[in-house]
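Asks: just a sequence and a predicted model for now, questions to come.
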Amino acid sequence: MNLQDPRPPNDRLRRLTLINSVIGVTIAGISTRVFMISVPTLATALGTDMLGISWALIVYQMAGIGLGVVCGRVGDIYGHHKTYGFGMAIMAVGSLLCGLSQDVLQLILFRFLQGVGGAMIQSSGRTLAFRAMPAGSEGKAQGLMSMSHQFGFFVGPPIGGLIIDLIHWRGIFFLLFLPSLIGAGLCYMTGRAAAPSPARQQAIDYRGALLFLGLTILVTILLDQKIAEVVGGANQALLALAFAGMVWGFIAHEKKTPSPMINLPLFSVPVFAYGSVGLLMGCITQGLTMFITPFYLQEVLKITPTFMGVIFLLPSVLSMVLSPVSGVLTDRIDARFLLILGVLTLMASLLIGAFLKPDSHWILPTVLLALTGIGSAMFNTPSQAVMIGSLPKENWGTAIGIINGIFGLGHMLGISLSGIFLTLAFRYYSGIPGTTPDPGDAQVFVASMNVTYLFALAISVISLLTSLKMKRIEN
């Protein structure tokens, strides 16, 4: 299936295509959330600290950012069924290798491989779902994909917690192996009937893809606290200059190449431009919340992984239920109302985080997570739907790749920025230069966490402003 096909050849293939897309996006959701809930256990098991294990999260997002757009482009040219099938196979292999990791460096490497598969699944899976739905159902399609992703979030935490408590942490990765193979098999079945892509003669901007991946790596290095301490301030300044030069080179290259990786004129469409900025800021706050909260629950409040998995059910259930509702409403009413409501709900969750205490009842962080689930459903779904719907259909694959890149960048920045602010605040409150955040010192850790949530609250104001600007959206 490719973007030029009006729909799959018959209803049976259309249903299979939708089922296949649901499987892949669900697997991507499980891969994200089951790992997120296990980071305290993994840090202990692999002999690393909070900042060290964060890299296993960051590289997964890095792969999605650096390769998400080019995967969408590859799907546009060679067919999304092929790209999707390869992604499912890579996810299966990456999951198996993650489960066999012997140290944190191996885990980081294999998580990057998992991220490559995830980038291919997200870009082509969502595109296949969009093309399998009737015209004018962009909001419903996005709602279905969001619900599938949230279903992965829903089943991931409780299953992951039980596996960690009753079996072993390695089992959380082996969990993804078989469904990934099933998805690859389904893709082979549905892909045989797909028409050849008329975009086959177009070139892929490999140089632009390499430059973009380099930008992703550089921004990650610049934001990492451990690397900053190793290279020193002077070398950090040189890296910043290299990053600025690479940005200039990337933009110059994309403007002159006949088949760019990122079609920069897409950002001249106001809805797409405002939506990109707002979505990025919203994802930063969501990534920050999902990284810090498990450490607070397990290390400060002493909640077991199993019970923590149950707590993480609530935001997943709420987002899973509300995402399709939000998608249907996006097709019927002014999306600006949903966007503003979603941002305000996310801001309320961050405000709770800013006032948590070392002895707070577990119900408070549970409410925080619940509001995060509601806010993300009301904000993410309409934001993506109207961004994609504002563009011609031949740009949907590239646009979905860009959106997936924004998601990855936002969550990666959320993890990195939370590490920066948490570290700076922890050093200030503890009075110990060079120390790293330690949840064992509950008073100092929670005070530092409060400051980090306030920082996220300030960032979310940008999402509110962009939502107010998107007043001319028509659905």
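Replies: Cool, got the structure.

Asks: helices and strands of the chain: which one has the lowest mean pLDDT?
Replies: Using mean pLDDT, DSSP states H and E, the weakest-scoring helix or strand in the chain turns out to be helix 138-166, at a mean of 71.

Asks: low-confidence stretches in the stretch 1-150 of the chain?
Replies: Along the stretch 1-150 of the chain, the parts satisfying pLDDT under 70 run over 1-12, 14, 66, 68-69, 72-73, 130-144, 146, 149-150.

Asks: ok, now with 50
Replies: Low-confidence segments of the stretch 1-150 of the chain (pLDDT under 50): 1-8.

Asks: and the next helix or strand past the least confident helix or strand of the chain?
Replies: Tracing the chain C-terminally past helix 138-166 and defining elements by DSSP states H and E, one meets helix 171-174 next.

Asks: now do that following helix: which elements does it pack against?
Replies: Taking 3 or more Cβ pairs under 8 Å, 6 or more residues apart in numbering; DSSP states H and E as contact, the helices and strands that helix 171-174 lies on are helix 80-99, helix 138-166. In this view, the C-beta of every residue, glycine as well, is placed from N, C-alpha and C.

Asks: following the shortest one, which helix or strand shows up next?
Replies: This points to helix 80-99. helix 104-132.

Asks: I'd like to know how many residues surround residue 314.
Replies: 19 (other Cβ atoms under 10 Å).

Asks: one more: the one 3 residues further on?
Replies: Counted by other Cβ under 10 Å, the residues lying close to residue 317 total 16.

Asks: okay, and it sits in which element?
Replies: Short version: residue 317 belongs to helix 313-332, going by DSSP H and E.

Asks: now that helix, how far from the centre of its chain.
Replies: 17 Å (Cα atoms, centre = their mean, to the nearest Å).

Asks: ok, now stretch 348-368?
Replies: Computed by Cα atoms, centre = their mean, the separation of stretch 348-368 from the middle of its chain amounts to 23 Å.

Asks: same question, stretch 429-445
Replies: Mean C-alpha position of stretch 429-445 versus that of the full chain (Cα atoms, centre = their mean) differs by 29 Å.

Asks: ends of it, what's the gap?
Replies: 9 Å (Cα to Cα, to the nearest Å).

Asks: which positions within that stretch qualify as buried?
Replies: Across stretch 429-445, burial judged by 16 or more other Cβ atoms under 10 Å covers 429, 430, 436, 437, 438, 439, 441, 442, 444, 445.

Asks: can you lay out those as JSON lines showing pLDDT, distance to residue 166 and secondary structure?
Replies: Shown next, in JSON lines, are the buried residues of stretch 429-445 (pLDDT from 0 to 100; distance: Cβ to Cβ, whole Å; DSSP: H, G, I helix; E, B strand; the rest coil):
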{"residue": "429", "pLDDT": "90", "distance to residue 166": "37", "secondary structure": "helix"}
{"residue": "430", "pLDDT": "88", "distance to residue 166": "36", "secondary structure": "helix"}
{"residue": "436", "pLDDT": "78", "distance to residue 166": "31", "secondary structure": "coil"}
{"residue": "437", "pLDDT": "82", "distance to residue 166": "29", "secondary structure": "coil"}
{"residue": "438", "pLDDT": "82", "distance to residue 166": "28", "secondary structure": "coil"}
{"residue": "439", "pLDDT": "83", "distance to residue 166": "24", "secondary structure": "coil"}
{"residue": "441", "pLDDT": "86", "distance to residue 166": "30", "secondary structure": "coil"}
{"residue": "442", "pLDDT": "89", "distance to residue 166": "28", "secondary structure": "helix"}
{"residue": "444", "pLDDT": "92", "distance to residue 166": "33", "secondary structure": "helix"}
{"residue": "445", "pLDDT": "92", "distance to residue 166": "28", "secondary structure": "helix"}
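
Asks: which of the residues you listed sit farthest apart?
Replies: Spatially, the most separated pair among those is 436 and 442, at 15.4 Å (Cβ to Cβ).

Asks: low-confidence bits of the stretch 201-350 of the chain, can you list those?
Replies: In the stretch 201-350 of the chain (pLDDT under 50), no residue qualifies.
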